[in-house]
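>>> Quick one: sequence and predicted model below, then my questions.
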Amino acid sequence: MSSLSWDYIAKLVCIGDSGTGKSSLTIRLCEGRFSPHHDVTIGVEFGSRIVPVGPPNAEPPKPKPSISRDPSQVEISSGLPEPRRAVPEVEQKHMKLSLWDTAGQETYKSVTRSYFRGASGALLVFDISRRPTFAHVQDWLNDLRQIAEPDIVVVLVGNKSDLAAGDENKREVTKEEAEEWAKKNGVLEYVETSAKSGEGVEMAFGRVAERIYQNIEAGKYDLNDRRSGVKGSNVKGAPRGNVKLSAPPRSGGYGCC
């Protein structure tokens, strides 16, 4: 067992039609495995993952070349390297993502909508091999924006990209039209993922986390307000930042709990 502290905790929701792989994405991120057979989510399921956000260290300033305008004036070098200037390190920040995997079936929509409140980020998931799931993302986004905070960070996720590989290409939604939809609807960006192979999964969640961190730095959240969906480890009433973690499932500095 290893431990890792977190500086912020953010609530993320995974939304989209049933069968698009929302639960598989959460399992892949949190447990580093693929579950080919997963029961239909009823209501909501939970997971969490600690990810690094922000710059780990500041880049040292590059020395400017010394240029003399008078050719008769030539600088004499001692031949010794210039002494290194001490550069203050920037402490790496970590964010704990509290993942709420919601049910995609119409039967549970009234229940899952209630979990949109207090979310600071969302993954809007569709299946690239099933066009109807892409057609429905507009409805999911409309529901989300009616209930969640106005500045919620949303990433459009085209899951099951592994089905677009090889001769049996089952792709029904192109990258171009998904990217165009994301741009048109004010979504942060479009990311394609495969819960089966793991491709793009950390990128999708990481993009949301990074933008939330940028919003924190810009002072867009009240960390004392539960509705913002973000809390700092030093905020009154927040749990301590030490969280027991198992070994991270993949390299890249991520820890899952």
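Right, received. Where do you want to start? Numbering: from 1, shown residues only.

>>> State the three-state secondary structure for residue 11.
Residue 11 falls in the strand class when you classify it by DSSP: H, G, I helix; E, B strand; the rest coil.

>>> pretty sure it contacts residue 121?
Yes: with contact defined as C-beta atoms under 8 Å, residue 11 and residue 121 form a contacting pair (7.5 Å). Every C-beta, even on glycine, is put in place using the N, C-alpha and C of the backbone.

>>> Spell out which residues are contacts of both of the two.
Common contact partners of residue 11 and residue 121 (C-beta atoms under 8 Å, 6 or more residues apart in numbering): residue 229.

>>> now the end-to-end length of stretch 183-192.
Chord length of stretch 183-192, first to last residue, is 15 Å (C-alpha to C-alpha, to the nearest Å).

>>> Oh, that last question was meant for stretch 98-113, not what I typed.
Distance across stretch 98-113, first residue to last, is 17 Å (C-alpha to C-alpha).

>>> Tell me which helix or strand the closest residue to residue 53 other than its chain neighbours sits in.
Spatially, and ignoring its direct neighbours in sequence, residue 53 is nearest to residue 213 (3.9 Å; C-beta to C-beta, 6 or more residues apart in numbering). Element membership for residue 213 (DSSP states H and E) is helix 201-217.

>>> any chance you could map the helices in the protein?
Listed in chain order, the helices found in the chain under DSSP state H are 22-31, 109-113, 131-135, 137-147, 175-184, 201-217.

>>> my guess is residue 143 meets residue 113, correct?
Yes: assessed by C-beta under 8 Å, residue 143 is found in contact with residue 113 at 5.9 Å.

>>> Report all helices and strands that the helix holding residue 213 contacts.
strand 8-16, helix 22-31, strand 44-53, strand 93-102, strand 121-127, strand 153-159, strand 189-192, strand 230-232 (3 or more C-beta pairs under 8 Å, 6 or more residues apart in numbering; DSSP states H and E).

>>> Need these in TSV (columns: distance to residue 166).
Compiled in TSV, the helices and strands packed on helix 201-217 are given as follows (distance: least, C-beta to C-beta, whole Å):
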stretch	distance to residue 166
strand 8-16	25
helix 22-31	20
strand 44-53	30
strand 93-102	29
strand 121-127	17
strand 153-159	17
strand 189-192	16
strand 230-232	41
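
>>> got JSON lines for the ones you listed, with mean neighbour count and mean pLDDT too?
Formatted as JSON lines, these follow (neighbours: other C-beta atoms under 10 Å; pLDDT from 0 to 100):
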{"stretch": "strand 8-16", "mean neighbour count": "26", "mean pLDDT": "94"}
{"stretch": "helix 22-31", "mean neighbour count": "24", "mean pLDDT": "90"}
{"stretch": "strand 44-53", "mean neighbour count": "20", "mean pLDDT": "86"}
{"stretch": "strand 93-102", "mean neighbour count": "23", "mean pLDDT": "91"}
{"stretch": "strand 121-127", "mean neighbour count": "26", "mean pLDDT": "97"}
{"stretch": "strand 153-159", "mean neighbour count": "27", "mean pLDDT": "98"}
{"stretch": "strand 189-192", "mean neighbour count": "20", "mean pLDDT": "98"}
{"stretch": "strand 230-232", "mean neighbour count": "22", "mean pLDDT": "91"}
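
>>> so which of these gets nearest residue 208?
Evaluated over the helices and strands packed on helix 201-217, closeness to residue 208 peaks at strand 121-127, with 4.1 Å, by C-beta to C-beta.

>>> now the angle from that closest one to helix 201-217?
Orientation check (axes from the mean of the first three to the mean of the last three C-alpha atoms, to 10 degrees): strand 121-127 against helix 201-217 gives 150 degrees.

>>> who does strand 121-127 pair up with?
In the sheet, strand 121-127 lines up against strand 8-16 (parallel), strand 153-159 (parallel) (DSSP bridges).
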